[in-house]
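Student: heads up, no residue letters with this:
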Ligand SMILES: Nc1ncnc2c1ncn2[C@@H]1O[C@H](COP(=O)(O)OP(=O)(O)O)[C@@H](O)[C@H]1O
Ligand SMILES: Nc1ncnc2c1ncn2[C@@H]1O[C@H](COP(=O)(O)OP(=O)(O)O)[C@@H](O)[C@H]1O
Ligand SMILES: [Mg+2]
Ligand SMILES: [Mg+2]
């Protein structure tokens, strides 16, 4: 399968058409951004790691009944996926309070939540991915009530799979952001990626951060954290 | 019924104990604030108007089956209400996009929404009343899932009553904010006020704003707008 026309270059990946209208190629980059693009940099080896980690996690999720866009790896930094129309939604689950939600609501960073927080954000860089709810999504026609229900159910199910999966690897899954898309034949599938770019991973014993917060907060050893996380997932 | 100890002085009202532990007195003030207290001023006659308007609207809502905290007027600027524990939630319905939601999501001011937007905000001045959703409310234990359902259902019902009620008076109900409380015997009731401080009212023919936006945006004739709205409600 060969890359044809580039459809989109995002902050962390490029998306290419292929000769099959139902399949795209995603090329993972080392570029890293934070705070809606205000902070820019590069994390050596990130593209290869996130490509591989997404393969492993999406394959595991598919085995547990979650439909995903993943088809197969094509190279160290590229994967073949189902072409989808992405819902312009960032779907977030928080098991432990960290990051923006602490500042916004006065929650203590590291406080385990009694029940997960589930958030939709409107995926739109011009507006800084603002938080929205079902009624905004329906009024703005970003998804139907039925699609929202499917997405919410799948997200909670994914959290229920990922939490113990990572815990066995000595990782507390603090929070994560996922995206969903609709294939050409109308199926809603998990799309995009699951990686240290899109999750908060804390070591169970030391609480060491093994994710993009090392880049966001200049904590050092960013590359090492990504390498360590891939090792854990492969273990 | 006499005012005893002052329990709370808010931005627009004072709350007093009475000798009956199930009843409070609310005294409406002329003070006006906007943008989370950044802008301060006074609107002559507002206390009297909002006290009266809340009486009329809460009485009408009660007749249509909405339980409220309102008991009776005590004076031009005071009313007797059921003592409640307020849920720290601002409950908002938007029928037409206006104000903060336009900036936040890029909606055009004055655009009638296909379906109403329903928002919960965490009533907390220190954090600027941030928007939250059911999962935050449950995780933060601000209300239970069942209480949220009651509050949401009552709010949509209130909107369905208020929209035609105001339309008959030549007013488009653009949006409004309400609060709910729990009485000492556990009933959830509509509390606080419904007034030009807490709603956006636009004249049906001219789109003239007849609400607190005249104060927020320095549009002039603020007092006149409040007087006009009371006249419409009394008509
Ligand atoms: N299967 C897919 N089909 C089409 N687009 C996808 C698919 N999976 C992910 N995408 C989109 O491709 C882009 C990935 O690039 P990324 O660098 O993460 O972009 P962004 O900066 O917009 O988040 C995202 O906009 C994402 O929504
Ligand atoms: N029936 C009631 N019992 C107790 N408190 C109430 C009742 N109705 C309204 N309140 C509360 O009284 C205060 C009213 O004053 P206001 O000036 O509007 O305050 P704020 O600046 O906090 O909005 C609010 O905090 C409101 O939640
Ligand atoms: Mg992305
Ligand atoms: Mg108030």
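Tutor: The structure has been received and is ready for your questions. Owing to the predicted nature of the structure, the values given are computational and were not obtained by experimental measurement. Ligands and ions are numbered 1, 2, ... in the order given.
Student: immediately after the lengthiest helix in chain A, which helix or strand?
Tutor: For chain A, the longest helix by residue count, based on DSSP state H, is helix A:145-167. Next along the chain after helix A:145-167, taking DSSP states H and E as the criterion, comes strand A:171-183.
Student: Can that following strand be said to contact ligand 1?
Tutor: Yes. Under the criterion of CB under 6 Å from any ligand atom, ligand 1 is reached by strand A:171-183 at A:179, A:181. (C-beta placed from N, C-alpha, C; glycine too.)
Student: which helices and strands sit right next to the helix or strand that that strand is followed by?
Tutor: Downstream of strand A:171-183, the first helix or strand assigned by DSSP H and E is strand A:188-191. Packing contacts for strand A:188-191, counted by 3 or more CB pairs under 8 Å, 6 or more residues apart in numbering or on different chains; DSSP states H and E, involve strand A:78-82, strand A:84-86, helix A:145-167, strand A:171-183.
Student: just the angle between the longest helix of chain A and strand A:171-183, please?
Tutor: 150 degrees (axes from the mean of the first three to the mean of the last three CA atoms, to 10 degrees).
Student: give the contact list for residue A:216.
Tutor: By CB atoms under 8 Å, 6 or more residues apart in numbering or on different chains, residue A:216 lies in contact with A:34, A:35, A:39.
Student: which stretches of chain A form strands?
Tutor: A:6-9, A:13-17, A:23-28, A:31-34, A:39-42, A:70-75, A:78-82, A:84-86, A:89-96, A:112-122, A:131-132, A:171-183, A:188-191, A:199-203 (DSSP state E).
Student: Outline the domain layout of chain A.
Tutor: As assigned by automatic domain parsing, chain A contains the domains A:6-84, A:85-221.
Student: picking up where we left off before, please see if the longest helix of chain A touches chain B.
Tutor: No. Judged by CB under 8 Å from any CB of the partner chain, helix A:145-167 and chain B are separated, with a smallest distance of 9.4 Å.
Student: helices or strands next to that helix in the packing?
Tutor: Against helix A:145-167 (3+ CB pairs under 8 Å, 6+ apart) you get helix A:46-63, strand A:89-96, strand A:112-122, helix A:134-139, strand A:171-183, strand A:188-191.
Student: Present these as a markdown table; the columns should include mean neighbour count, mean pLDDT and distance to residue B:79.
Tutor: Formatted as a markdown table, the helices and strands packed on helix A:145-167 follow (neighbours: other CB atoms under 10 Å in any protein chain shown; pLDDT from 0 to 100; distance: least, CB to CB, whole Å):
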| stretch | mean neighbour count | mean pLDDT | distance to residue B:79 |
| --- | --- | --- | --- |
| helix A:46-63 | 20 | 98 | 57 |
| strand A:89-96 | 22 | 98 | 41 |
| strand A:112-122 | 18 | 98 | 37 |
| helix A:134-139 | 21 | 98 | 32 |
| strand A:171-183 | 21 | 98 | 45 |
| strand A:188-191 | 22 | 99 | 51 |
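Student: quick one, which of these is nearest to residue B:149?
Tutor: helix A:134-139 (13.7 Å; CB to CB).
Student: Could you see whether chain B lies near the closest one?
Tutor: Yes. Residues of helix A:134-139 contacting chain B under CB under 8 Å from any CB: A:135, A:136, A:138, A:139.
Student: just those now: which is nearest residue B:206?
Tutor: Closest to residue B:206, out of all of these and judged by CB to CB, is residue A:139, at 25.5 Å.
Student: isn't the closest one right up against residue B:119?
Tutor: No. With contact defined as CB atoms under 8 Å, residue A:139 does not reach residue B:119; the gap is 11.1 Å.
Student: Please report how far residue A:160 lies from chain B.
Tutor: 15 Å (CB to the nearest CB, to the nearest Å).
Student: for residue A:119, same thing?
Tutor: 7 Å.
Student: Contact partners for the residue nearest to that residue when sequence neighbours are not counted?
Tutor: In this structure, residue A:119 finds its nearest non-sequential neighbour in residue A:92, 4.2 Å apart by CB to CB, 6 or more residues apart in numbering or on different chains. Applying CB under 8 Å, 6+ apart to residue A:92 gives the contacts A:117, A:118, A:119, A:120, A:121, A:175, A:176, A:177.
Student: Likewise for residue A:135?
Tutor: B:115, B:116, B:117, B:118, B:119 are the contacts of residue A:135 under CB under 8 Å, 6+ apart.
Student: one more time with 10 Å
Tutor: A:145, B:92, B:93, B:94, B:113, B:115, B:116, B:117, B:118, B:119, B:133, B:152 (CB atoms under 10 Å, 6 or more residues apart in numbering or on different chains).
Student: Let me know the pLDDT of the residue of chain A found nearest ligand 2.
Tutor: Here chain A gets closest to ligand 2 at one residue, residue A:106, 16.8 Å apart by CB to the nearest ligand atom. Per-residue pLDDT puts residue A:106 at 97.
Student: Can you name the residues of chain A that neighbour chain B?
Tutor: Within chain A, the residues that sit near chain B (CB under 10 Å from any CB of the partner chain) are A:93-94, A:97, A:101, A:103-107, A:111, A:113-120, A:122, A:124, A:126-128, A:130-141, A:145, A:152.
Student: hmm, 7 Å instead?
Tutor: Residues of chain A lying close to chain B (CB under 7 Å from any CB of the partner chain) are A:104-106, A:113-119, A:122, A:127, A:130-133, A:135-136, A:138-139.
Student: coming back round to it: and the residue nearest to residue A:119, how far from residue A:155?
Tutor: Separation of residue A:92 from residue A:155 (CB to CB, to the nearest Å) stands at 9 Å.
Student: and if you look at residue A:175?
Tutor: 12 Å.
Student: Quickly list what's touching both of these two.
Tutor: The contact sets of residue A:175 and residue A:155 overlap at residue A:93 (CB atoms under 7 Å, 6 or more residues apart in numbering or on different chains).
Student: Retrieve the pLDDT associated with the residue lying closest to residue A:83 once chain neighbours are set aside.
Tutor: Distances taken as CB to CB, 6+ apart put residue A:24 closest to residue A:83, at 4.6 Å, once the chain neighbours are dropped. In this prediction, residue A:24 carries a pLDDT score of 98.
Student: My read is that residue A:24 contacts residue A:84, right?
Tutor: No. Between residue A:24 and residue A:84 there is no contact under CB atoms under 7 Å: 8.1 Å.
Student: Please say which of the two ends up with more neighbours.
Tutor: residue A:24 (24 against 21; other CB atoms under 10 Å in any protein chain shown).
Student: show me the residues around the more buried one that make contact.
Tutor: Applying CB under 7 Å, 6+ apart, the residues contacting residue A:24 are A:15, A:16, A:17, A:18, A:81, A:83.
Student: Bridge partners for the second one, pull those for me.
Tutor: Just to be clear, that refers to residue A:16. residue A:6, residue A:25 (DSSP bridges).
Student: On the pLDDT front, check it for me.
Tutor: 98.
Student: can I get the contacts of residue A:92 in a markdown table with distance to ligand 2?
Tutor: Output for these, formatted as a markdown table (distance: CB to the nearest ligand atom, whole Å):
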| residue | distance to ligand 2 |
| --- | --- |
| A:117 | 24 |
| A:118 | 27 |
| A:119 | 26 |
| A:120 | 28 |
| A:121 | 28 |
| A:175 | 31 |
| A:176 | 36 |
| A:177 | 34 |
